[in-house]
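Chemist: give me a 3D structure for the following:
(2 chains)
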2 protein chains.
Amino acid sequence: MSHTMPDWIAADWGTTHLRLWAMRGHEVLERRATDQGMGKLSPADFGAVLETAVEGWGAAPVVTCGMVGSRQGWFEAPYAPVPCAAAPRLVRVPDHEARPVYIACGVRQDSPPDVMRGEETQIAGLLLREPDFNGTVCLPGTHTKWVGLRDGKIMRFQSCMTGEIFDLLSRQSVLRHSLGGAGDDLAAFEAACSDAYANPALAYGALFGLRAGALLGDLDANAATARLSGLLIGWELAATHEIWSGGSVALIGSPVLSPLYKRALALCGISATVHDAEDVTLAGLYAAQQTIGDQT
Amino acid sequence: MSHTMPDWIAADWGTTHLRLWAMRGHEVLERRATDQGMGKLSPADFGAVLETAVEGWGAAPVVTCGMVGSRQGWFEAPYAPVPCAAAPRLVRVPDHEARPVYIACGVRQDSPPDVMRGEETQIAGLLLREPDFNGTVCLPGTHTKWVGLRDGKIMRFQSCMTGEIFDLLSRQSVLRHSLGGAGDDLAAFEAACSDAYANPALAYGALFGLRAGALLGDLDANAATARLSGLLIGWELAATHEIWSGGSVALIGSPVLSPLYKRALALCGISATVHDAEDVTLAGLYAAQQTIGDQT
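Modeler: So this is what the prediction gives:
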């Protein structure tokens, strides 16, 4: 076993999942994932859950990011206010004897109010790969973030609840009766996205139109799903236009969401680059791990 | 008992409730309400549920409106296409031996696609009271309707999912942690409503701001609830502007919602009249009952 013993452990501990990587420098020795997200745990459980999850990996320090550092998490890591360097800032969890555990600090914006936890680490990872990146990073997800970067600094950002709203409307609203399939009707997606971007006010009324269109027989479930996705992303593009319209856009997200956002941005004349979320998370945690000497 | 025997029975049978009135002409002899909405029932149950609910009221005919006439209801009553007279149209439920039961037909619009069931009866009731009303009727609720009327005809309409979206966001999204109280902070409601109406694109981003504002300590739960309500209604006003901006507006809704919409419209320079939902429902069902001779 000793040949795979990590010299540090990377962790992404969110509301629904705990993802772990045994690391030697940049190199991933082993991956683990559980559904023991912090949403299910009480503060007293975090230490024991972590120790069970890293069993067999020795006493290496852990560097973690995500909602684990929120008020409902293990230990509240403070937010850095914007504008701030897009570089890792760690705090050490007190009272955990088994090993050093560090949590990445989130970022706050006071006006308009906004917060992020976890995305700042992915952005630090992107900048480790592309130190000269200036422009906008879009991180699609439950609460998609749009982040303006300049000269290695996070200047401002905007969160949109697109992922969560899509989920609520498609699973729990009256629209659930009219949606279905993979939602991969790209023509329907693009038409709805363009409509909502051009006229976000009217798009609000188009939501019930997905139900009515199905009742009146003109809209199939797959097209309706694609339209809902297009309406929400088009709206989001209108809401964040000021942030992304100036320059290049880098997308960090899942293989499902990133292509949709890339396509939506292309409709607005923006060519976005796509980055693998795990890659930049690990790069960001690596950059954070490099700073440990400074804190301890 | 015979002195309270109705000559007809009015019913509003929606997804969540069944409301019944024993009527003699215009006069309400007795009211009943149960939570046996059609959402819980299968088509085979409707007849028995109705007979139990009207026990003691003799064999009077029933005139009902609402989702009972939908595809998932007792018997699918066809939709009348707009433009159409804002007058009751009834179909008789087949195969119910105990008494004649009539269901009011809904209204459809093909482009943009939209449907209503129940609201058309309230509109007919409003016109019975005010035959010369020309303008817009707004019926706030789970799926708020905005209906353009001219010379006794429904010209077009627009549904907005404001009630349902408010409910999903406030009970089931991440915002639930930051909302609370009665949401009666009128200054917060009005500010959010004006913001969203003036710039519906930016308002989309303001949703997550309700969570972030609470986390950063600047927004209390009552104000956040009022802001959410204001954002959604402001958005809805932007989406329906073309329908209501031309003339007078009549509100038909609950004592909670109508004052909010009246206030929101006042911010846009529109003075709306408020009508009691039960009053106009009964007036509409009365007008419908008067037509029974024509159908049977």
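Chemist: is the strand or helix carrying A:Ile154 anywhere near chain B?
Modeler: According to DSSP states H and E, A:Ile154 maps onto strand A:153-160. Yes - when contact is scored as C-beta under 8 Å from any C-beta of the partner chain, part of strand A:153-160 falls within range of chain B: A:Gln158, A:Ser159, A:Cys160. All C-beta spots, glycine's among them, are computed from the backbone N, C-alpha and C.
Chemist: in CSV, list those residues along with pLDDT and neighbour count.
Modeler: Formatted as CSV, the entries for the residues of strand A:153-160 next to chain B read as follows, by pLDDT from 0 to 100; neighbours: other C-beta atoms under 10 Å in any protein chain shown:
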residue, pLDDT, neighbour count
A:Gln158, 98, 26
A:Ser159, 98, 27
A:Cys160, 97, 25
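Chemist: and the contacts of the host helix or strand of A:Arg108?
Modeler: Assigned by DSSP H and E, A:Arg108 belongs to strand A:107-110. Strand A:107-110 is touched from outside by A:79-82, A:84, A:114-116, A:119-120, A:154, A:156-157, B:212, B:216, B:218, with contacts defined as C-beta atoms under 8 Å, 6 or more residues apart in numbering or on different chains.
Chemist: hmm, which of the residues you listed are the buried ones?
Modeler: Listed as buried from the contacts of strand A:107-110 are A:79-80, A:82, A:84, A:114-116, A:119-120, A:154, A:156-157, B:212, B:216; burial here means 16 or more other C-beta atoms under 10 Å in any protein chain shown.
Chemist: tell me where the model's unsure across chain A.
Modeler: A:1-4, A:294-296 (pLDDT under 70).
Chemist: for it, list the residue farthest from the centre, please.
Modeler: Distance from the C-alpha centroid of chain A, by C-alpha atoms, centre = their mean, peaks at A:Leu216 (37.7 Å).
Chemist: from the buried ones among the contacts of strand A:107-110, which ones fall inside strands?
Modeler: Cross-referencing those against strands under DSSP state E gives A:Ala80, A:Cys84, A:Asp114, A:Val115, A:Met116, A:Ile154, A:Arg156, A:Phe157.
Chemist: which residue comes closest to the fifth one once chain neighbours are left out?
Modeler: So that's A:Met116. A:Val107 (5.1 Å; C-beta to C-beta, 6 or more residues apart in numbering or on different chains).
Chemist: show me what counts as buried in stretch A:227-244.
Modeler: So for stretch A:227-244, counting by 16+ other C-beta under 10 Å, buried means A:227-240, A:243-244.
Chemist: if we check chain B, which of these are in contact?
Modeler: Near chain B, taking C-beta under 8 Å from any C-beta as the test, the members of these found are A:Trp235, A:Glu236, A:Ala238, A:Ala239, A:Thr240.
Chemist: what's the nearest residue to A:Tyr102 once chain neighbours are set aside in contact with, if anything?
Modeler: Leaving aside its chain neighbours, A:Tyr102 sits nearest to A:Leu90 (4.1 Å; criterion: C-beta to C-beta, 6+ apart). By C-beta under 8 Å, 6+ apart, the residues touching A:Leu90 are A:Val63, A:Tyr102, A:Ile103, A:Ala104, A:Cys105, A:Ala288, A:Thr291, A:Ile292, A:Gln295.
Chemist: and the closest residue to the fourth one other than its chain neighbours, how close does it get to B:Trp244?
Modeler: In other words, A:Ala104. Sequence neighbours aside, A:Cys65 is the residue nearest to A:Ala104 in space, at 3.9 Å (criterion: C-beta to C-beta, 6+ apart). For A:Cys65, the distance to B:Trp244 (C-beta to C-beta, to the nearest Å) stands at 48 Å.
Chemist: same check, this time on A:Cys268
Modeler: When distances are taken as C-beta to C-beta, A:Cys268 and B:Trp244 turn out to be 31 Å apart.
Chemist: what's in contact with stretch A:95-103?
Modeler: Residues outside stretch A:95-103 that contact it (C-beta under 8 Å, 6+ apart): A:47, A:50-51, A:59-65, A:68-69, A:73-75, A:77, A:90-93, A:288, A:292, A:295-296.
Chemist: may I see the PyMOL selection of the buried members of these?
Modeler: One line in PyMOL is enough to select the buried ones among those; burial here means 16+ other C-beta under 10 Å:
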select buried, chain A and resi 47+50+60+61+62+63+64+65+68+69+73+74+75+77+90+91+93+288+292
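Chemist: next step: the contacts of stretch A:95-103 restricted to helices.
Modeler: Those of these mapping onto helices are A:Gly47, A:Leu50, A:Glu51, A:Ala288, A:Ile292, A:Gln295, per DSSP state H.
Chemist: A:Thr273 against A:Ile252, yeah?
Modeler: No - the pair A:Thr273 and A:Ile252 fails to qualify as a contact (C-beta atoms under 8 Å) at a distance of 9.8 Å.
Chemist: out of those two, which sits in the busier spot?
Modeler: Between A:Thr273 and A:Ile252, counted using other C-beta atoms under 10 Å in any protein chain shown, A:Ile252 has the larger neighbour count: 26 against 15.
Chemist: got the end-to-end distance for stretch A:111-131?
Modeler: According to C-alpha to C-alpha, to the nearest Å, stretch A:111-131 extends 27 Å from its N-terminal end residue to its C-terminal end residue.
Chemist: so which bits of it are buried?
Modeler: For stretch A:111-131, burial by neighbour count (16+ other C-beta under 10 Å) applies to A:112-128.
Chemist: now do that stretch: distance to the chain's middle.
Modeler: Stretch A:111-131 has its C-alpha centroid displaced from the chain centroid by 10 Å (C-alpha atoms, centre = their mean, to the nearest Å).
Chemist: next one: stretch A:64-71
Modeler: 13 Å.
Chemist: stretch A:243-261 too?
Modeler: 11 Å.
Chemist: one more: stretch A:9-17?
Modeler: Distance, stretch centre to chain centre, for stretch A:9-17: 12 Å (C-alpha atoms, centre = their mean).
Chemist: also stretch A:55-71?
Modeler: Distance of stretch A:55-71 from the chain centroid (C-alpha atoms, centre = their mean) equals 18 Å.
Chemist: from start to finish, how long is that stretch in a straight line?
Modeler: First-to-last residue span, stretch A:55-71, C-alpha to C-alpha: 27 Å.
Chemist: again, but for stretch A:148-155
Modeler: Between the opening and closing residues of stretch A:148-155 lies a distance of 6 Å (C-alpha to C-alpha).
Chemist: which residues of the stretch 51-200 of chain A fall in strands?
Modeler: If you assign secondary structure with DSSP state E, counting those that start in this stretch, the strands in the stretch 51-200 of chain A sit at A:62-65, A:80-81, A:84-85, A:90-92, A:101-104, A:107-110, A:113-116, A:135-139, A:144-150, A:153-160.
Chemist: what helices and strands are in contact with the longest helix along chain A?
Modeler: Using DSSP H, we find that the single longest helix of chain A is helix A:221-239. Contact partners of helix A:221-239 among helices and strands, from 3 or more C-beta pairs under 8 Å, 6 or more residues apart in numbering or on different chains; DSSP states H and E: strand A:153-160, helix A:162-172, helix A:186-198, helix A:200-215, helix A:257-267, helix B:200-215.
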